[in-house]
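Peer 1: Build me a model:
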Amino acid sequence: MHLNPPVIFIPGDWIGDTMAEALAGQGYEIVRGPAAHEVPPRVDATGQLPLLQRANIIVATPGLRVDRALLQALPRLRAVVAPAIGVENIDVAAATELGILVAHGATPENYLGMAEATVMLIAALAMQLPHKQRLLAENAPRPRELLSRSVRGSTIGLVGMGRIAHGVVERLRGWEAQLLYFDPYVPQEQAPPGATRVTLDALLRRADFVSLHVTLTAETQGLIGARELGLMKPTAYLVNTSRGAAIDEAALVRALQERRIAGAALDTFMHEPLPADSPLHAFVGSDNVILTPHIIGQGHEVMASLRQAIAENVRRLLRGAPALYTKNPEVLARWQERIARLA
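Peer 2: Just a heads-up that it's a prediction; the model follows:
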């Protein structure tokens, strides 16, 4: 039987505050890290090792780097729980090797909210929403010629075919657009109806809208650079609601400045929050660029679902059951062995 009360470590940032509220009153001992002074925080895990060593479960908010060395230094650890979908701050391979389960918040509200937001951004770029807002703000006359277009009849390329991209395909049914996708790990027979698998270069050359839906790995770091942007049509738009580091930002800035692509909608950046000296700030309020602070798909339902998911994940893990959403399901047999040893 597990020692009582179970110890849950949660970093001292605003996401951690939300997660601590979700776990309050459940009979756990909640150990909080020091308050973070950065937004988002960058938590020094080594400096908090005495607190972490007591933990049975770590809630790894994005600022806490959970690497192999840290995992090996935590003898009581059963699992690492990420509040949202992304787990780039966790060494999942090391956790799997050590028999540690990694849970995350892959709730339908979360990934379908991102799918809705992606479709919204595509439509907003197509209809030149930033330009039309500026006309009103400046009390400018209605232009004689409109350069906006319909999504209908366009070609939309999805880079990555995970849950969010599936949701995008489902939501674009009936829009009469051609849907292409590139994903080396998703063959055509596993793709949703209406999406055609092509190479990345073919997608970039053909698409009117290129939308990124990738996790951050060695393969996807800088996936869209100067060469890839050069393959896009000058009338094409780039949408990124996945991870900022999937794009070479300097190359994208040059492409936008030189009008080598029509524009972009970005919800994620190399460094977050977007640094004050980032050249991307020059595009705020421009006619062809939409920038949002990595919250485009989030709303009340999403945050409520994440709180519910983390509470349920923790409950399941502490009774020896798999999490509601498990990132590394292949670890389950080794994980059962680990918790048996800990008991």
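
Peer 1: you'd agree Thr268 is up against Thr241?
Peer 2: Yes - counting by Cβ atoms under 8 Å, Thr268 does reach Thr241; the two are 6.7 Å apart. For glycine as for every other residue, the C-beta is placed from the backbone atoms N, C-alpha and C.

Peer 1: ok, now which ones touch Gly230?
Peer 2: By Cβ atoms under 8 Å, 6 or more residues apart in numbering, the residues touching Gly230 are 255, 260.

Peer 1: Got phi/psi on it?
Peer 2: phi -70, psi -20 (degrees, to the nearest 10).

Peer 1: Quickly note the distance from it to Leu324.
Peer 2: Look at Gly230 and Leu324: by Cβ to Cβ, to the nearest Å, they are 43 Å apart.

Peer 1: Name the next helix or strand downstream of the worst-scoring helix or strand of the chain on mean pLDDT, please.
Peer 2: Among the helices and strands of the chain, helix 49-52 carries the lowest confidence by mean pLDDT, DSSP states H and E, at a mean of 82. Counting by DSSP states H and E, the next helix or strand C-terminal to helix 49-52 is strand 57-59.

Peer 1: Which strands or helices does that next one pack on?
Peer 2: strand 7-12, helix 14-23, strand 79-81, helix 300-318 (3 or more Cβ pairs under 8 Å, 6 or more residues apart in numbering; DSSP states H and E).

Peer 1: Pairing partners for that strand, with directions?
Peer 2: Sheet pairing for strand 57-59, assigned by DSSP bridges, gives strand 7-12 (parallel), strand 79-81 (parallel).

Peer 1: Tabulate those in CSV, adding columns for distance to Ala69, mean neighbour count and mean pLDDT.
Peer 2: What follows is the strands paired with strand 57-59, written out as CSV (distance: least, Cβ to Cβ, whole Å; neighbours: other Cβ atoms under 10 Å; pLDDT from 0 to 100):
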stretch, distance to Ala69, mean neighbour count, mean pLDDT
strand 7-12, 16, 24, 92
strand 79-81, 14, 29, 97
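
Peer 1: Please convert the ones you listed to CSV, extending it with distance to Arg319.
Peer 2: Formatted as CSV, the strands paired with strand 57-59 follow (distance: least, Cβ to Cβ, whole Å):
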stretch, distance to Arg319
strand 7-12, 14
strand 79-81, 12
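
Peer 1: Of those, which is nearest Leu291?
Peer 2: When these are ranked by distance to Leu291, counting by Cβ to Cβ, first place goes to strand 7-12 at 26.9 Å.

Peer 1: ranges for the helices of this protein?
Peer 2: All helices of the chain, identified by DSSP state H, fall at 14-23, 49-52, 68-72, 92-98, 108-126, 129-137, 163-172, 200-206, 226-231, 249-257, 300-318, 332-342.

Peer 1: Select from the ones you listed the stretch with the lowest mean pLDDT.
Peer 2: Mean pLDDT across the helices of the chain is lowest at helix 49-52; the value there is a mean of 82.

Peer 1: buried residues in that one?
Peer 2: Leu52 (16 or more other Cβ atoms under 10 Å).

Peer 1: Residues contacting it, please?
Peer 2: Contacts with helix 49-52, where a contact means Cβ under 8 Å, 6+ apart, come from 9, 31, 33, 45, 58, 70, 73-74.

Peer 1: Any chance of those in a markdown table with distance to Ala177 as columns?
Peer 2: Below are the contacts of helix 49-52 laid out as a markdown table (distance: Cβ to Cβ, whole Å):
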| residue | distance to Ala177 |
| --- | --- |
| Phe9 | 46 |
| Val31 | 50 |
| Gly33 | 46 |
| Ala45 | 45 |
| Ile58 | 43 |
| Leu70 | 45 |
| Ala73 | 51 |
| Leu74 | 48 |
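
Peer 1: of those, buried ones?
Peer 2: Judged by 16+ other Cβ under 10 Å, buried ones among those: 9, 31, 33, 45, 58, 70, 74.

Peer 1: Quick check: which of these has the minimum pLDDT.
Peer 2: Least confident of those in the model: Ala45, at 63.

Peer 1: I'd like the distance between the residue lying closest to Leu231 once chain neighbours are set aside and Pro184.
Peer 2: The shortest distance from Leu231 to any non-neighbouring residue, by Cβ to Cβ, 6 or more residues apart in numbering, is to Leu204 (4.0 Å). Separation of Leu204 from Pro184 (Cβ to Cβ): 15 Å.

Peer 1: what's the answer for Arg319, then?
Peer 2: 38 Å.

Peer 1: now could you export just the CA positions of stretch 182-192 as PDB?
Peer 2: Extracted in PDB, the C-alpha atoms of stretch 182-192 (Å, rounded to 0.1, in the frame of the first residue of the first chain):
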ATOM      1  CA  PHE A 182       2.700  15.400 -44.600                       C
ATOM      2  CA  ASP A 183       3.500  13.000 -41.700                       C
ATOM      3  CA  PRO A 184       6.100  10.300 -42.100                       C
ATOM      4  CA  TYR A 185       4.500   8.300 -39.400                       C
ATOM      5  CA  VAL A 186       0.900   8.300 -40.600                       C
ATOM      6  CA  PRO A 187       0.300   6.300 -43.800                       C
ATOM      7  CA  GLN A 188      -2.600   7.200 -46.100                       C
ATOM      8  CA  GLU A 189      -4.800   4.400 -44.700                       C
ATOM      9  CA  GLN A 190      -4.600   5.900 -41.200                       C
ATOM     10  CA  ALA A 191      -5.500   9.400 -42.300                       C
ATOM     11  CA  PRO A 192      -9.000  10.800 -41.900                       C
END
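
Peer 1: No further queries at this time; thank you.
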